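1. give me a model of this one.
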Amino acid sequence: QVQLQESGPGLVKPSQTLSLTCTVSGGSITTSYYAWSWIRQPPGKGLEWMGVIDYDGRTFYSPSLESRTSISRDTSRNQFSLQLSSVTPEDTAVYYCNLWDYVRRSDYWGQGTQVTVSS
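-> Down below sits the predicted model:
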């Protein structure tokens, strides 16, 4: 069973860069039928997909966030990371890392981590 765990600061100041890491166990981030995403949920709102990195390291981002978002990976640590620059209070949300398994057509979620943007 693949497990995901988010980590990172819970409080970020406006205009700074939010950085989160997802540590994966029970599966490899280089598996060809896996896609790794970051998804967030602002308070009182629905889920928002932010971007994905595939097994080959290719990235795709939500058009609304693309200018501020970067997703990268560390294959030696079996981790992938999110950086969101120039944050504002509107970036306050619970941030989730997610795996989509194309073969089993199922997804797996981390427990989520609350990030608050405030001075």
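2. quick check: bridge partners of the residue nearest in space to the middle of the chain?
-> Centroid-nearest residue in the chain, with CA atoms, centre = their mean: residue 38, separated by 2.6 Å. Applying DSSP bridges to residue 38 gives these bridge partners: residue 51, residue 97.
3. return the residues in contact with it.
-> Taking CB atoms under 8 Å, 6 or more residues apart in numbering, we find residue 38 in contact with 20, 22, 49, 50, 51, 52, 71, 82, 95, 96, 97, 98. To be clear about C-beta, it is placed using only N, CA and C from the backbone, and glycine gets the same treatment.
4. of these, which is the nearest to residue 105?
-> Of all these, the one sitting nearest residue 105 is residue 98; the distance, using CB to CB, is 14.0 Å.
5. tell me which element residue 72 is part of?
-> Residue 72 belongs to strand 69-74 when assigned by DSSP states H and E.
6. next, the buried residues of the next helix-or-strand element following that strand.
-> Downstream of strand 69-74, the first helix or strand assigned by DSSP H and E is strand 79-84. Neighbour counts using 16 or more other CB atoms under 10 Å place 79, 80, 81, 82, 84 of strand 79-84 among the buried residues.
7. sheet-wise, list the partners of strand 79-84 with their directions.
-> As defined by DSSP bridges, the strand partners of strand 79-84 come to strand 18-25 (antiparallel), strand 69-74 (antiparallel).
8. who's in contact with residue 73?
-> Contact partners of residue 73, counting by CB under 8 Å, 6+ apart, are 29, 36, 53, 57, 79, 80, 81.
9. what segments of this structure are strands?
-> Applying DSSP state E to the chain gives strands spanning 3-7, 11-12, 18-25, 34-41, 48-54, 59-61, 69-74, 79-84, 93-101, 106-109, 113-117.
10. what helices and strands are in contact with the shortest one?
-> Identification of packing neighbours for strand 11-12 by 3 or more CB pairs under 8 Å, 6 or more residues apart in numbering; DSSP states H and E yields strand 113-117.
11. and the spatially closest residue to residue 114 that is not a sequence neighbour, what is it in contact with?
-> Using CB to CB, 6 or more residues apart in numbering and skipping residues adjacent in sequence, the residue nearest residue 114 is residue 94, 5.4 Å away. When contacts are counted by CB under 8 Å, 6+ apart, residue 94 touches 40, 41, 112, 113, 114, 115.
12. understood, closing this out.
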